[in-house]
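A.B. asks: This is the structure alone, sequence omitted:
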């Protein structure tokens, strides 16, 4: 048995006490400690902040396209165009003539508005005679609308003024002075420019081929109507006026030998050399037109049929 000296035992006891005191004053370490690994390297640019999206504005209605400016000529034509007629027909460059003419003494007719006048005002019978039944019906509606209408025909002093055409007449003669006084200088200048215009063809409408009723075909280009395989003077007068019927009668009498004649080819039908169109019992015929006048005439016919 090993014997320890009392002095050495005392020293060891004191060291053991000191060690215990140190352990009691410090906190115990955790079993493991997590440290985030840091990788050193070149510093990159700071990430850009993503801006928040603004809410999309509500869809705006498309702006209406500006309406094309109408010339005075187009405005006048569109105002008296027939209901249901195609705008292209109503505003065709040759939709009506521009002349002012006198078919008989103390009367005056205006091609622009298809109306005839006497010293007392608009005349329905003469209008029908010169421009057809439809023109007479339009004039009747204008007269029925009364003097306050924007389309009226009224007595002014000793003359007659038409608000639709902006023209005044004295004793059935165009009056620049009265027109200027009632409608202004521009209307008077427009009237003055029309005084020397030549009268258009009878009926003077557009270029459409249409059917006013079943079995009837009418051609605005030559102011003529056809029924089955014949020209029809009665429908021509009704649609285009008396002068158109007289002109058609003369062309039919001249026949195939005339440059503007109307004739019946072999095998039936009726063909008009002035318009280069042929008609059978069903109306304008592309096949007959091609046979008589060629392919170009048949294509043109297809473009004009309503």
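C.D. replies: That came in fine, so what should we check first? Note that the structure is a prediction, hence the values are computed from the model and not measured. Residues are numbered from 1 along each chain as shown.
A.B. asks: What ranges in the stretch 151-300 of the chain fall below the confidence cut-off?
C.D. replies: For the stretch 151-300 of the chain, the stretches flagged by pLDDT under 70 are 200-205.
A.B. asks: Strands of that one, start to end?
C.D. replies: Here the stretch 151-300 of the chain has its strands, by DSSP state E, counting those that start in this stretch, at 153-156, 159-162, 167-170, 173-174, 209-210, 216-219, 224-227, 230-231, 262-263, 270-272, 277-280, 283-284.
A.B. asks: got these as CSV, with distance to residue 145 and mean neighbour count columns?
C.D. replies: Any C-beta I mention is one placed from the backbone N, CA and C, and that applies to glycine too. Converted to CSV, the strands of the stretch 151-300 of the chain look like this (distance: least, CB to CB, whole Å; neighbours: other CB atoms under 10 Å):
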stretch, distance to residue 145, mean neighbour count
strand 153-156, 10, 17
strand 159-162, 13, 23
strand 167-170, 18, 23
strand 173-174, 23, 16
strand 209-210, 27, 22
strand 216-219, 28, 24
strand 224-227, 30, 25
strand 230-231, 36, 16
strand 262-263, 40, 22
strand 270-272, 38, 24
strand 277-280, 38, 24
strand 283-284, 36, 19
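A.B. asks: got a markdown table for the ones you listed, with distance to residue 119 too?
C.D. replies: What follows is the strands of the stretch 151-300 of the chain, written out as a markdown table (distance: least, CB to CB, whole Å):
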| stretch | distance to residue 119 |
| --- | --- |
| strand 153-156 | 10 |
| strand 159-162 | 7 |
| strand 167-170 | 8 |
| strand 173-174 | 9 |
| strand 209-210 | 36 |
| strand 216-219 | 33 |
| strand 224-227 | 33 |
| strand 230-231 | 36 |
| strand 262-263 | 39 |
| strand 270-272 | 39 |
| strand 277-280 | 41 |
| strand 283-284 | 43 |
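A.B. asks: Relative to residue 237, tell me which of those wins on proximity.
C.D. replies: strand 224-227 (8.7 Å; CB to CB).
A.B. asks: elements contacting the closest one?
C.D. replies: strand 216-219, helix 233-240, helix 242-254, strand 270-272 (3 or more CB pairs under 8 Å, 6 or more residues apart in numbering; DSSP states H and E).
A.B. asks: low-scoring stretches of the stretch 1-150 of the chain, by residue?
C.D. replies: Residue ranges of the stretch 1-150 of the chain with pLDDT under 70: 1-96.
A.B. asks: hang on, the earlier thing: relative to residue 112, which of the strands of the stretch 151-300 of the chain is closest?
C.D. replies: Closest of these to residue 112 is strand 167-170, at 8.4 Å (criterion: CB to CB).
A.B. asks: quick one: strands adjacent to the closest one?
C.D. replies: If you go by DSSP bridges, strand 167-170 pairs up with strand 159-162 (antiparallel), strand 173-174 (antiparallel).
A.B. asks: Provide the contact partners of the last one at residue level.
C.D. replies: This points to strand 173-174. If you take CB atoms under 8 Å, 6 or more residues apart in numbering as the criterion, strand 173-174 is touched by 100, 108, 167-168, 191, 195.
A.B. asks: Closest to residue 275 out of these?
C.D. replies: Closest to residue 275 out of the contacts of strand 173-174 is residue 100 (27.0 Å), distances taken as CB to CB.
A.B. asks: And for that closest one, the neighbour number?
C.D. replies: When neighbours are defined as other CB atoms under 10 Å, residue 100 has 22 of them.
A.B. asks: Hmm, residue 194 and it touching each other?
C.D. replies: Yes - contact criterion CB atoms under 8 Å: residue 100 and residue 194 qualify, at 6.1 Å.
A.B. asks: Contact partners for the closest residue to residue 126 other than its chain neighbours?
C.D. replies: Using CB to CB, 6 or more residues apart in numbering and skipping residues adjacent in sequence, the residue nearest residue 126 is residue 116, 4.0 Å away. With contact set as CB under 8 Å, 6+ apart, residue 116 has these partners: 103, 107-110, 122-123, 126-127, 129-131.
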